[in-house]
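A.B. asks: here you go, sequence then predicted model.
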Number of protein chains: 2
Amino acid sequence: MADSVLVLGAGLVGSSLGLALTRAGYDVMLWDIASSHALVAASLGAGRVSDEETDDPDIVVVATPPDVIPGLVAEVLGKFPGAVITDVGSVKAPILEAIDRLAPEHRRYVGSHPMAGSQFTGPLTASGDLFRDRTWVVTPEPGNSPEDIAVIERLARDVGARVVTMPASEHDEAVAQVSHLPHLMSILTASHLRDVPQGNLRLAGQGIRDVTRIAGSDPGLWRQILTSNVAAVRHELLAVAQDLAQLIDSLEDPEALEKFLGMGQAGALSLVGKHGQEPLDMLDVTVEIPDEPRALSRLFADIGDAGFNVEDFELTHDPVREVGYLSIAVERDVAEKLRASIVEGGWHAWAAHRGSRK
Amino acid sequence: MADSVLVLGAGLVGSSLGLALTRAGYDVMLWDIASSHALVAASLGAGRVSDEETDDPDIVVVATPPDVIPGLVAEVLGKFPGAVITDVGSVKAPILEAIDRLAPEHRRYVGSHPMAGSQFTGPLTASGDLFRDRTWVVTPEPGNSPEDIAVIERLARDVGARVVTMPASEHDEAVAQVSHLPHLMSILTASHLRDVPQGNLRLAGQGIRDVTRIAGSDPGLWRQILTSNVAAVRHELLAVAQDLAQLIDSLEDPEALEKFLGMGQAGALSLVGKHGQEPLDMLDVTVEIPDEPRALSRLFADIGDAGFNVEDFELTHDPVREVGYLSIAVERDVAEKLRASIVEGGWHAWAAHRGSRK
């Protein structure tokens, strides 16, 4: 028989989890302090509304705001003595400490944190694909049994996530860097709009929309997240304050400014292809482009027909020889195949490490 | 006969403009200092490679990096005495001042700035839809004739953009606020990743990717943009530095922190629906949801079947009456229609100003 899962909290994350687990064959029960939320989630296909009298789940996922997670974990540890318990809280060490105080015997609690969400809240914005290809961090502690850890890791993989395992303290430092700091940078950018005349907002393009998207998130939820990770968040903010002072100084020095912009570009590129994966090993396949437009259209068609996934490309020009070079960034294991198929079409092409572009 | 347009610079913006203008029926000629770029753009359907001997365009669009715009504008003012000239530079006043020095007789130059682009460069990333529904700022000066201004405004509208007209100096202040500052916030966030251990990057989710996307842009281009708008950019950065100091202080004060997060949320929401449009006049249509799941599924179906574009919604819960409320944000002119169609289905529903949600 399929595992049964009780999801506590039918907000965006809990409802999305219900949808994904139901699809994966789990028997899902839903509960929310606002019963209409559980009702909406159930009506969307995320499971059935929990019956507190008869429910006896194999797994409990606490998907509520962080403030109430420890209390609920302690409660279900007592109520379901056979269940493995996890939560989806964004900061792990303080939750663990609080559970320690409330329920010293908590071997069946395995902390976790799916790195997925959106600026929206509530069951109506749920999606069964929310966790697909996202990182789901599992933060076991020495007391956990390998079997219980495996149950939570399997649940995460069953909804399409990539599991990363690390200690709670390490997780909290990492999220300060890659989640909490970016969130506050988005907040600073968006809150600055209070000083911008309405008419000027007509000039807002996609860039500022992207930068400020996550600032639209629920302030109450983020207050809870940030105040439970204050030391790490302050450390990151102080470093950025130093950078900002340096950036302001560099406005008078174009060379220094460009260097700073280059650091930003390098940082942005360091995230490309990294949805919980190790850095990709990329090569450039470079093709010489002679002065003949019809041939070039053929090259584009060739590359597309061969079914290659071109992630990044660059066109450079040799002013002396009057030829151009098209460099296509691809993963190492397909570079030779791409090069061969291009050479077959009569082109000059070679593969090389990125950065060695002509 | 269709207007003929010479586009100088076959990068992302120039090539995209060539694609869009060709589609709109213009006769497009392309030139680039790197002839292979013009060749690639032409082969993608953005026009034909310019023939310097015979070209005699009605309109010239200078779509090069800002540093070389004034020189090219001065050159084509002399070369094509019948043409209306514009450019796509991101900062207008310094370009105008430079043109003033190089070609004091420049009535036929009408500055403009399409608020469109991406972190990519070069003709291979061009799209004929780049300008669709984006703002295209036209910055006329007293010397321009109404006819010449109309030519540029029509060109912008013909590629799907929304025209906003304002003086150059006002434009430059506005872009410092809604484009240059967000760009630097993205740069600060991305450059901060240099201090983040590789392993922690596995936890990066969509949020940091959105915040850092525009940081991937060309540092050389942005050096030119920012150094030509230093005073306005510094003004914005200093204000953010103050906010950042205040944010760091507020980490110890949850109330103050939540207030700050709320200012960010308000700022992010102030951009919603504003792609060069006036702020939308939105109403909430609120529906009472009784304790009956099948009826709720029917409500979702009803709303969808009625063909309404639901932009934002919120579910709230009345713990006393044990009912939920679904609030759907819609534009004023469809609110009554939506309410009526929901009421027809047997629901209790009413329309009200946003913010007055139950």
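C.D. replies: Received, thanks.

A.B. asks: any idea whether A:Trp350 is helix, strand or coil?
C.D. replies: Three-state assignment for A:Trp350 (DSSP: H, G, I helix; E, B strand; the rest coil): strand.

A.B. asks: neighbours of it, how many?
C.D. replies: A:Trp350 is surrounded by 15 other residues when neighbours are defined as other Cβ atoms under 10 Å in any protein chain shown. C-betas here are computed from N, CA, C, even on glycine.

A.B. asks: quick check: it touching A:Leu338?
C.D. replies: No - applying Cβ atoms under 8 Å, one finds A:Trp350 not in contact with A:Leu338, separated by 11.1 Å.

A.B. asks: common neighbours of the two, please.
C.D. replies: Common neighbours of A:Trp350 and A:Leu338, counting by Cβ atoms under 8 Å, 6 or more residues apart in numbering or on different chains, are A:Val285.

A.B. asks: quick one: contacts for the most centrally placed residue in chain A?
C.D. replies: Closest residue to the average C-alpha location of chain A: A:Met115 at 4.7 Å, with Cα atoms, centre = their mean. Shown in contact with A:Met115 (Cβ under 8 Å, 6+ apart): A:134-137, A:179, A:276, B:203-205.

A.B. asks: now it: phi and psi?
C.D. replies: Backbone torsions of A:Met115, given as degrees, to the nearest 10, read phi -80, psi 70.

A.B. asks: what segments of the stretch 251-358 of chain A are helices?
C.D. replies: Assigned by DSSP state H, counting those that start in this stretch, the helices in the stretch 251-358 of chain A fall at A:254-269, A:293-305, A:332-344.

A.B. asks: low-scoring stretches of the stretch 101-250 of chain A, by residue?
C.D. replies: A:118-120 (pLDDT under 70).

A.B. asks: need the strands for it, in chain order.
C.D. replies: Secondary structure of the stretch 101-250 of chain A by DSSP state E, counting those that start in this stretch: the strands cover A:111-114, A:135-139, A:162-165.

A.B. asks: out of those strands, nearest to A:Ser228?
C.D. replies: Smallest distance to A:Ser228 across the strands of the stretch 101-250 of chain A (Cβ to Cβ): 12.3 Å, for strand A:111-114.

A.B. asks: which residues touch that closest one?
C.D. replies: The contact list for strand A:111-114 (Cβ under 8 Å, 6+ apart) reads A:13, A:17, A:86-90, A:92, A:95-96, A:130-131, A:134-141, A:152, A:156, A:161, A:168, A:171, A:175.

A.B. asks: those: which ones sit near chain B?
C.D. replies: A:134-135, A:137, A:171, A:175 (Cβ under 8 Å from any Cβ of the partner chain).

A.B. asks: neighbour count for the residues you listed - can I get that in CSV?
C.D. replies: Conversion of those to CSV gives the following (neighbours: other Cβ atoms under 10 Å in any protein chain shown):
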residue, neighbour count
A:Arg134, 21
A:Thr135, 24
A:Val137, 26
A:His171, 24
A:Val175, 26
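
A.B. asks: nearest residue to the residue in the stretch 1-150 of chain A positioned nearest to chain B other than its sequence neighbours?
C.D. replies: Closest to chain B within the stretch 1-150 of chain A is A:Ser36: 2.8 Å, counting by Cβ to the nearest Cβ. In space, and not counting its chain neighbours, A:Ser36 is closest to B:Gly324: 2.8 Å by Cβ to Cβ, 6 or more residues apart in numbering or on different chains.

A.B. asks: burial measure for that neighbour, as a count.
C.D. replies: 22.

A.B. asks: need the per-residue pLDDT for it.
C.D. replies: Predicted confidence (pLDDT) at B:Gly324: the value is 70.

A.B. asks: so what's it bridging to?
C.D. replies: Beta-bridge pairing of B:Gly324 under DSSP bridges involves B:Ile289, B:His317.

A.B. asks: hmm, A:Leu39 and it touching each other?
C.D. replies: Yes - with contact defined as Cβ under 8 Å, B:Gly324 counts as touching A:Leu39 (7.3 Å).

A.B. asks: what residues are shared contacts of the two?
C.D. replies: Counting by Cβ under 8 Å, 6+ apart, the shared contacts of B:Gly324 and A:Leu39 are B:Ile289.
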